[in-house]
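>>> Give me the fold of what follows.
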Amino acid sequence: MAHKAPITSPLNDQDQDTTGKMLQATLVDLIDLHLVAKQAHWNVVGRFFRDVHLHLDELVTVARGFADDVAERASALGVSPDGRARTVAENSGLSKFEGDWRSDREVTEAITQALLEVVRRLRVRIDESDKTDQVTQDLFIDIARELEKQHWMWEAKLAS
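Now for the predicted structure:
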């Protein structure tokens, strides 16, 4: 049963709904990204194990921090964030990350692709949020900036 929001939104109902949906989708992306990165962290093997293992921890920290920022932004707008495992599993747009041991190269390729997927969806939300809430747009821009930097660093590992 949905409850009346105890937080008053500064946005009109339509903008609140649209912005809330973008924030929720971003929250799901970031939670799944940090879970994929942690799964890879535990299962990476190979010559460059240590470098990839430590870089994955950095990505987990970034994704978790931004997930919290996004959830708190939703709450500030009177939108209840949903980061439950079932919600993430049912709504994530990230490609499936297989379990079991993965080579450092496989992990690097998968993480590079996951970051690209999240950034592409985030860029669409940046454009859309310009019409509904520029404060949320600013948050999305900050997240995109950092995730694009992360993408660059991961993709650079694949260069030969």
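>>> okay, CA-based contacts and neighbour counts for the rest of this
OK.
>>> can you tell me the helix or strand for the residue positioned nearest the centre of the chain?
By Cα atoms, centre = their mean, the chain has its centre lying nearest to L30, at 2.0 Å. Element membership of L30, judged by DSSP states H and E, is helix 13-43.
>>> Just checking: what are the partner strands of the helix or strand following that helix?
Of the helices and strands lying after helix 13-43 in sequence (DSSP H and E), the nearest is strand 44-45. Here strand 44-45 is paired, per DSSP bridges, with strand 102-103 (parallel).
>>> pLDDT on the strand it pairs with, on average?
The predicted model assigns strand 102-103 a mean pLDDT of 97.
>>> Show the contacting residues for the closest residue in space to S103 that isn't next to it in sequence.
Among residues not flanking S103 along the chain, V45 sits closest, at 5.0 Å (Cα to Cα, 6 or more residues apart in numbering). Residues near V45 by Cα atoms under 8 Å, 6 or more residues apart in numbering: 101-104.
>>> one step back: correct me if wrong: the residue nearest to the centre of the chain contacts V62.
No - counting by Cα atoms under 8 Å, L30 stays clear of V62, with 9.1 Å between them.
>>> Quick check: phi and psi at S95.
phi -60, psi 150 (degrees, to the nearest 10).
>>> How about the contacts made by it?
A114.
>>> what about the chain, any weak spots by pLDDT?
1-3 (pLDDT under 70).
>>> do you know how far S75 is from K131?
20 Å (Cα to Cα, to the nearest Å).
>>> The two - which one has more neighbours?
Between S75 and K131, S75 has the larger neighbour count (other Cα atoms under 10 Å), namely 19 against 12.
>>> what are the ranges of the helices in this protein?
13-43, 49-76, 85-91, 104-129, 134-156 (DSSP state H).
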